[in-house]
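I would like the atomic coordinates for the input below:
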Amino acid sequence: MLYPLRDYQKEAVAEAERRNIICVLPTNSGKTVIAAALIEKMLDKENAEGGLARKMLFVVTTRELAKQQARVLLEQIPRLRYLDDEHAARDSPQLGMLIGGDWDLTAGTRPSAFFQRAQVCVLIAAKLEDALVHGYLQMKDVALLVMDEAHHTNGASFYSTIMRYFYEPCEPRPRVLALTASPVGDSVAKAPSECDFESKLKELERLLHAAAWTRVIDREHCPHAEPIVLVHEPSKGSNWETESKESFGYRAILDAKPTLEDATARGLLSLEDATELRDAWDRCLDRAVEVSEPLGAWALDWCARMLEKDLSRGARRLSWYDKATDEEDDQKRSVGGTDAHAHLLSKAQARLRQQLSTRAKAPPEAAAGGRLDALLKHLRTRNPRKCIVFVQQRVSCKLLVDAVKALLGETADWNDHIDWICRPGSVGISPSGPGSSTYSESQLERAFSAFRADRIRLLVSTSILEEGIDVPECDAVVDFDVVTSTRQGQQRKGRARAQNASYAVLGSSDTALEKRQQNEHVRLMQEMTVAVIAPCEQRPDRPDPPDLPSPEQARANIEPKSIRTYHPDGRPCALLPIERCKKLLDDVYCITKFAVQPGDSVFELDLTHDGTHFTAKHKGANNFNVESTADGHTCKLHLPGVRMCSADIGNNLPITLPWTKGSSVVKKQDAIDHAALEGVNYLLKIGVLDMHLQVSAAAASLLSLAVITCM
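So this is what the prediction gives:
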């Protein structure tokens, strides 16, 4: 190990060797070092036993966190080497990373080759689930499963499906080491309840098949910032509503709104669908007002230009502000998808462009007041070496950076050292100007690398930097927008790593007391974490989490809710959970490409033979027909023909499958999921899908498409 382990880290490693644990320690306490020490011990054990050594998986939630943790593992385990490192000894274990993008099916090898070569794999949870679903990796070949930020287990999250569908049925099961600083989160608006905490902790233990473990850490080993409230004048409130509606940007967006008369009179859309599109436009306008409130009317002008740029790329869906934060599903509320929607949005874009052409882009106003003034005063007074400012809305990143640059001027040499960051793929915003392109992965990497290397002092970020990211020199963190949960408060405060760092929350004179109370709730939650876990953990007779199914029970539980395929020799191959069947059908019928480099186009390639756009959310073109009754919901599914498929499907497609079997289900989404499950089973039966649940011979078609695209 590069750094000697502290006493509590040694204890954690020893306990993790003995049984599955959820290692609950504060931010900045070295949980990754604990994982590295356990990986090194298990590498020794696996390789000493001979035969095919099983894998060590380090699973994370974001790409940036994967890169950071891979660096730590390479530092802490000297003999560990990257894949294809020409200087590595022949017997050195190799580390590989999987952090995004599609499997390269056009190459000569299957993705399973990656797992054959890499014994230590750092990968995001989505890629691990994908590898398990398509049969490129089997859980029985894994010796250690490390899950970072392991509290991400809600609903059909990746961690949840990985454990229920792949870990529980596996025999033998790998060792589990789950890492988190905030196992339980709650609203900051109320004081945490010990009873509620225990209940949620037990559920987390049950899902992860691990017992919570913690220790009290001395402050010298784990520096943390004390929260403060930066008090500012009350926000504009009702006055802002009036001011915003009188602004040029507001009027431009409002006047460009798609018209019901044009949509329905020409028979483009039904009245219901046209109304839904107009409602989505109103949500865009509401979002623009919301993010502009702390900045002033000039920001509404910029929002209008961002929306126009997004629509200028031939948008089929209105999804700009429905994709507002990094926590929201990118396709959750996007509206549209048909040629009719594209026609209407094109006309709206033309009206918006005409409005904007009559006026130059508004500069940031010199006196925005409120939150922005408080932030600027804090930056001038504290003059931090490195500062992260957290915002909720993606578009707020660009707007806030422009405002800070304009209002700070040349003081403290800030202007050349300010940047922003959000999740790649966000539409309508770019560092090079409002709406000029999609925010790309390369832009994210450049901005964060510059922040680490001291070329950037102020970084405005969405929640993408909220968890796990380690920048030891960061001596200031500011919450520009609201904090919604105790977990969010714990995690954001933990980004202030330097000694004597500050963590500031902005609050008006009307809400300052409420903000201080919220900070107190965050502190109480941190104390409760130790108070609840430590006494139970220290009992030597404490059992592992109860009510855990045996592998046989787990296999029986998932059988009616999944699809299993096998190799010709009978070995298990792919396993598809019912929660992912709809996504797989979307992938069969549509290729979506987001920007990777600045200026890249964003497009959808429809792979249906009849041009019905299978992934469209538009009701008239929806292939899932849900019928609601007093007893619940049932669904039938229309499957179009599939392009880029080598199978001789004859008259098997298109086809409309009958109503889902069995009784009605209570939730509409469950009915859709069951119909999707039957749809995937049908495509598998007629040969459209191979044993890896990929479209048969799609690789050759994708390769030819790539060649054509590059010509």
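
so where do the strands sit in the stretch 501-650 of the chain?
For the stretch 501-650 of the chain, applying DSSP state E, counting those that start in this stretch gives strands covering 502-508, 562-566, 572-577, 590-593, 603-606, 624-629, 632-639.

mean pLDDT and distance to Leu137 added to those strands, as CSV?
To be clear about C-beta, it is placed using only N, CA and C from the backbone, and glycine gets the same treatment. Shown next, in CSV, are those (pLDDT from 0 to 100; distance: least, Cβ to Cβ, whole Å):
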stretch, mean pLDDT, distance to Leu137
strand 502-508, 93, 40
strand 562-566, 97, 14
strand 572-577, 97, 11
strand 590-593, 69, 24
strand 603-606, 68, 28
strand 624-629, 86, 31
strand 632-639, 90, 29
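
which one of those lies nearest to Glu445?
Judged by Cβ to Cβ, the one of the strands of the stretch 501-650 of the chain that comes nearest to Glu445 is strand 590-593, at 18.9 Å.

ramachandran coordinates for Val120?
phi -110, psi 120 (degrees, to the nearest 10).

pLDDT at it, what is it?
Per-residue pLDDT puts Val120 at 96.

so how many other residues sit close to it?
Counted with other Cβ atoms under 10 Å, the neighbours of Val120 add up to 27.

ditto for Pro568
As a burial measure, Pro568 scores 7 neighbours (other Cβ under 10 Å).

if we can go back for a sec, to Ile22, which of the strands of the stretch 501-650 of the chain lies closest?
Closest of those to Ile22 is strand 572-577, at 23.0 Å (criterion: Cβ to Cβ).

and the contacts of the closest one?
Applying Cβ atoms under 8 Å, 6 or more residues apart in numbering, the external contacts of strand 572-577 come out as 132-135, 138, 156, 161, 164-166, 558, 561-567, 584, 680, 691-693.

okay, buried residues for that strand please.
The neighbour-count check on strand 572-577 (16 or more other Cβ atoms under 10 Å) flags Cys573, Ala574, Leu575, Leu576, Pro577 as buried.

with stretch 14-23 instead?
Buried-residue list, stretch 14-23, by 16+ other Cβ under 10 Å: Glu15, Ala16, Asn20, Ile21, Ile22, Cys23.

out of those residues, which comes closest to Arg6?
Nearest to Arg6 among the buried residues of stretch 14-23, with distances taken as Cβ to Cβ, is Cys23, at 13.3 Å.

that closest one belongs to a strand?
Yes: under DSSP: H, G, I helix; E, B strand; the rest coil, Cys23 falls within a strand.

next one: it from Ser160, what distance?
Separation of Cys23 from Ser160 (Cβ to Cβ, to the nearest Å) stands at 19 Å.

what does Ala671 give?
Separation of Ala671 from Ser160 (Cβ to Cβ): 21 Å.

same check on Asp419?
For Asp419, the distance to Ser160 - Cβ to Cβ - is 34 Å.

and Ile217, what is it in contact with?
Applying Cβ under 8 Å, 6+ apart, the residues contacting Ile217 are Tyr8, Leu25, Pro26, Ser29.

ok, and the closest non-adjacent residue to the first one?
Going back to what we said before, that points to Tyr8. Excluding its sequence neighbours, the residue lying closest to Tyr8 (Cβ to Cβ, 6 or more residues apart in numbering) is Arg215, at 4.2 Å.

how many neighbours does the one you found have?
By other Cβ under 10 Å, the residues close to Arg215 number 21.

mind checking how far it is from Pro26?
Noted for Arg215: a distance of 10 Å to Pro26, by Cβ to Cβ.

which residues are common contacts for the two?
With Cβ under 8 Å, 6+ apart, Arg215 and Pro26 have no common neighbours.

dig out what Cys479 forms beta bridges with.
Not Cys; residue 479 is Asp. Beta bridges link Asp479 to Phe390, Val505, judged by DSSP bridges.

quick check: domain ranges of the protein?
Domain assignment for the chain by automatic domain parsing gives 7-223, 226-234+367-523, 238-356, 560-710.

what are the phi and psi values for Met150?
I think there's a mix-up here, since residue 150 is Ala and not Met. With angles defined as degrees, to the nearest 10, Ala150 sits at phi -70, psi 0.

look up phi and psi at Thr381.
When read as degrees, to the nearest 10, the backbone of Thr381 gives phi -70, psi -50.

what's the per-residue pLDDT of Arg206 here?
On the pLDDT scale, Arg206 is placed at 93.

same check on Pro535?
You'll see Pro535 listed with a pLDDT of 75.

can you count the residues close to it?
For Pro535, the neighbour count with other Cβ under 10 Å is 10.

can you list the contacts of Ile217 in CSV and add pLDDT and secondary structure?
Listed next are those as CSV, based on pLDDT from 0 to 100; DSSP: H, G, I helix; E, B strand; the rest coil:
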residue, pLDDT, secondary structure
Tyr8, 94, helix
Leu25, 94, coil
Pro26, 92, coil
Ser29, 92, coil
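
between which two of the residues you listed is the distance greatest?
Every pair of the contacts of Ile217 checked by Cβ to Cβ; the farthest is Tyr8 and Pro26, at 10.8 Å.

who has more neighbours out of those two?
The neighbour comparison of Tyr8 against Pro26 (other Cβ under 10 Å) goes to Pro26, with 23 against 20.

run a quick check on that one versus Lys493, I expect a contact.
No: counting by Cβ atoms under 8 Å, Pro26 sits too far from Lys493 to count as a contact (9.9 Å).

list residues touching both of the two?
Shared contacts of Pro26 and Lys493, defined by Cβ under 8 Å, 6+ apart, comprise His224.
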